[in-house]
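In: curious how this folds, go ahead:
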Amino acid sequence: MMRLAFQEQMPDNHCFGCGPLNPLGLQIKSFWDGEESVSVFQPRPEHSAGPVNVMNGGITAMLIDCHCVCTAVAHAYRVEGREIGSPPPIWCVTGSIEIRYLAPIPIDRAVDLRARIVEHEGKKTRLECSLSSGEKECALGTVLAIRVAPSWREESTRSGERRKPSRRKQ
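Out: Sure, this is the predicted structure:
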């Protein structure tokens, strides 16, 4: 039986980092491994930093952010004893993120992400995540995920439709 990633079970997920419905995005896939979540991501040439053999720091932060937020969503469903994606939907957003870059990340091999819940209280879930390349830990992240009301998606869509590009006076 094939397991579905957290992201594949979240309805209407167009996120650039983790959304399976975003064909141009990273489309990471996260799974439970006991009490931790894991993800393996293969960087592509367009994910390079200045040197073409090293992954960009923003891509690193996005991987950690999306892996952790999706883990927080999956955890919330677990706590409620429900399948991921079952109604009403659970969504979390990033409240804060801190990334510590420990070593350059080679772009020519897959990276492994491993996240764990550090604290969960009410709408807040704090997670820690390690990103490794081979046997070397290259980045550590701490993410605070905040659970939002199911209406958050509709409100965000409506406000985005009303928003017009602004022209600031110089």
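In: just say helix, strand or coil for the closest residue in space to residue 21 that isn't next to it in sequence.
Out: With Cβ to Cβ, 6 or more residues apart in numbering as the criterion, residue 21 has its nearest non-adjacent residue at 4.8 Å, and that residue is residue 14. Every C-beta, even on glycine, is put in place using the N, C-alpha and C of the backbone. Here residue 14 is coil, with the state taken from DSSP: H, G, I helix; E, B strand; the rest coil.
In: isn't residue 127 up against residue 118?
Out: Yes. In terms of Cβ atoms under 8 Å, residue 127 counts as a neighbour of residue 118; the distance is 6.1 Å.
In: now the common contact residues for the two.
Out: Taking Cβ atoms under 8 Å, 6 or more residues apart in numbering as the contact rule, residue 127 and residue 118 both touch residue 142.
In: how close does the residue nearest to residue 21 get to residue 27?
Out: 11 Å (Cβ to Cβ, to the nearest Å).
In: now tell me which helix or strand of this protein has the poorest mean pLDDT.
Out: Across the helices and strands of the chain, mean pLDDT, DSSP states H and E gives its lowest value to helix 152-162, namely a mean of 56.
In: coming back round to it: pick out whichever of residue 14 and residue 27 has more residues nearby.
Out: residue 27 (20 against 11; other Cβ atoms under 10 Å).
In: for the record, mean pLDDT for stretch 25-44?
Out: Here stretch 25-44 scores 97 as its mean pLDDT.
In: quick one, longest strand in this structure?
Out: Longest strand in the chain by number of residues (criterion: DSSP state E): strand 136-148.
In: what residues sit buried inside that one?
Out: 138, 139, 141, 142, 143, 144, 145, 146, 147 (16 or more other Cβ atoms under 10 Å).
In: which of the residues in stretch 19-26 are buried?
Out: 19, 20, 25, 26.
In: now swap in stretch 43-60 and tell me
Out: Counting neighbours by 16+ other Cβ under 10 Å, the buried set in stretch 43-60 is 43, 47, 49, 54, 55, 56, 59, 60.
In: separation between the most centrally placed residue in the chain and residue 94?
Out: In the chain, the residue lying closest to the centroid (Cα atoms, centre = their mean) is residue 66, at 0.6 Å. The gap separating residue 66 from residue 94 is 9 Å, by Cβ to Cβ.
In: just residue 141 next, same as before
Out: If you go by Cβ to Cβ, the gap between residue 141 and residue 94 works out to 11 Å.
In: joint contacts of the two?
Out: Common neighbours of residue 141 and residue 94, counting by Cβ under 8 Å, 6+ apart, are residue 65.
In: for the longest helix along the chain, buried residues please.
Out: Counting residues, the longest helix found in the chain (DSSP state H) is helix 57-79. Within helix 57-79, the residues scored as buried using 16+ other Cβ under 10 Å are 59-77.
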